[in-house]
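**Q** following is a predicted model, sequence given first.
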Amino acid sequence: MFKKLFGKEEVNKNVNIVAPITGRYVAIESIPDPVFAQKMMGDGFGIEPSEGLVVSPVDGEVINVFPTKHAIGLKTANNLEILIHVGLETVAMNAEGFTTKVNVGDKVSVGDELLEFDIELIKEKASSIISPIIITNGEAVESFEIIAQDAVQRGQTIVAEVAAK
């Protein structure tokens with residue numbers, strides 16, 4: 001009814017962040033990179049991948065595909081901005097071993113494929129395969145709670161619950 005009256009749909013402030021990668025949950029403080037571990041970019045978590053496929057952890061829009069293909073930024077309907085960063089110090093790989101499956105502006109749903117990557121190449125050329133998932137606009141977050149803390153399955157395991165302001 002409100003949509004008809006005001007032309008605007010009510011946006012749900014609660015978002016579940018589903019695992020974008022199959023692997024092992026890593027607490028943000030345990031990510032072996034101070035920029036992520038000290039939450040300089042925002043709160044979140046890491047995943048140590050067991051396979052090389054990234055899917056969307058939320059329903060939203062692709063707002064950034066890094067030219068080096070190692071990271072993708074998403075935005076939800078309630079304006080949470082989520083960065084999926086595959087591996088650590090992977091920017092230096094200059095897109096080698098990465099294949100993106102989306103473009104900026106694409107609408108995505110939980111489980112849609114975003115990116116493929118070569119785990120063995122990352123192990124060889126980067127400092128770590130641990131992949132941070134970060135909410136980069138923390139000022140928009142009212143609460144952030146980790147749910148899963150072990151093995152996670154891409155597109156299925158809810159890792160965190162977030163309430164937007």
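**A** Okay, I see it.

**Q** contacts for the helix ranked longest in the chain?
**A** In the chain, assigned by DSSP state H, the helix with the most residues is helix 119-125. Contacts with helix 119-125, where a contact means C-beta atoms under 8 Å, 6 or more residues apart in numbering, come from Pro49, Glu51, Gly52, Val86, Gly87, Thr90, Ala92, Met93, Glu96, Gly97, Ile129. Bear in mind the C-beta positions are built from the backbone N, C-alpha and C, glycine included.

**Q** how about the helices in the protein?
**A** Secondary structure of the chain by DSSP H: the helices cover 2-6, 34-37, 119-125.

**Q** what residues does Ala126 make contact with?
**A** Ala126 is in contact with Gly87, Leu88, Glu89, Thr90, Ala92, Met93, counting by C-beta under 8 Å, 6+ apart.

**Q** residue contacts, the first one?
**A** Pointing back at Gly87 there. Residues touching Gly87, when contacts are defined by C-beta under 8 Å, 6+ apart, comprise His70, Phe117, Ile122, Ala126, Ser127, Ser128, Ile129, Ile130, Ser131.

**Q** next: the third one.
**A** Glu89 makes contacts with Asp33, Ala126, Ser127, Ser128, as judged by C-beta under 8 Å, 6+ apart.

**Q** do that again at 7 Å, thanks
**A** Neighbour list for Glu89: Ala126, Ser127 [criterion: C-beta atoms under 7 Å, 6 or more residues apart in numbering].
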